[in-house]
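S.K.: Kindly return the folded structure for what I paste below:
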Amino acid sequence: MQATSSGEFPAITSMELRGVTGWRLRLERADRQVTALLAKHSITLLRVAIGLVYVWFGMLKFFPGTSPAEPLVHATMAQFVPMALFLPFLALWETFIGVSFIIGRWPRITIALMLLQMGGAMSSILFASDRLWVSFPFVWTLEGQYVFKDIILVSAALVIGATARGGRLHSRPDHK
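M.R.: Numbering: from 1, shown residues only. Alright, predicted model coming up:
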């Protein structure tokens, strides 16, 4: 019986591996080693990568005029809060989220703070939608692409959240 991990390629079960020889055996062993490395380290790499993105984008907001998101933040939030207070607050918040992802100490709190921040970031869809599309709904502006990529960051954070209470990736497709 063949097990599949993602449906992409059939994996050989431990029982079937006994009859495999030659290049297929070497390929299967290499695949298992790579998969084991991915299962062991990919969540950490994902967490650090999100952290670096947040630290980088957050730090830019400490220096007025350096963040490419600053005009969009102004267009979205200036009607609700004074920018002189909000931009440094947002810079600190994003930087804190990034450092927290990198440290990995409080993943559920970090993800909750990120989701709140993303709610604000996505609010531009409602409050500054004219800045997001060249031609709705298919051609994004650069600012729109900046907002759209947040879907990936949220999805990645949710994967990390799935491991916050001990959930893990498994390298064996037949693992239960």
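S.K.: in what helix or strand does Arg105 lie?
M.R.: Arg105 belongs to no helix or strand when elements are defined using DSSP states H and E.
S.K.: can you tell me how far it sits from Val99?
M.R.: Using CB to CB, to the nearest Å, Arg105 is found at 10 Å from Val99. In short, each C-beta sits where N, CA and C put it, glycine included.
S.K.: Can you pick out the residue with more neighbours from these two?
M.R.: Counted by other CB atoms under 10 Å, Arg105 and Val99 do not tie: Val99 has more neighbours, with 15 against 10.
S.K.: Can you give me the pLDDT of the more buried one?
M.R.: pLDDT, Val99: 98.
S.K.: can you give me phi and psi for it?
M.R.: The phi/psi pair for Val99 (degrees, to the nearest 10) reads phi -60, psi -40.
S.K.: Same check on Phe80?
M.R.: The phi and psi values for Phe80, taken as degrees, to the nearest 10, are phi -110, psi -40.
S.K.: What about it, how many residues nearby?
M.R.: The tally of other residues near Phe80 (other CB under 10 Å) stands at 10.
S.K.: Could you pull up phi and psi at Arg105?
M.R.: As for Arg105, its main-chain torsions (degrees, to the nearest 10) stand at phi -80, psi -40.
S.K.: Show residues contacting stretch 69-88.
M.R.: With contact meaning CB atoms under 8 Å, 6 or more residues apart in numbering, stretch 69-88 is reached by 57, 60-62, 64, 67, 90, 120, 123-124, 127-128, 131, 143, 146-147.
S.K.: Tell me the one of those nearest Leu37?
M.R.: The closest of those to Leu37 turns out to be Phe57 (CB to CB; 29.1 Å).
S.K.: Spatially nearest residue to that closest one, not counting backbone neighbours?
M.R.: Spatial nearest neighbour of Phe57, excluding adjacent residues (CB to CB, 6 or more residues apart in numbering): Glu94 at 5.9 Å.
S.K.: With Ile43 as the reference, measure out to that neighbour.
M.R.: Taking CB to CB as the measure, Glu94 falls 21 Å from Ile43.
S.K.: Please apply the same query to Gly104.
M.R.: Separation of Gly104 from Ile43 (CB to CB) stands at 9 Å.
S.K.: which of these two has more neighbours?
M.R.: Taking neighbours as other CB under 10 Å, Gly104 and Ile43 compare with Ile43 leading, 21 against 15.
S.K.: got the contact list for that one?
M.R.: Counting by CB under 8 Å, 6+ apart, Ile43 makes contact with Val159, Ile160, Thr163, Arg168, Leu169.
S.K.: Tell me the spacing between the last one and Val34.
M.R.: Distance check for Leu169 against Val34: by CB to CB, it reads 13 Å.
S.K.: Great, nothing more from me.
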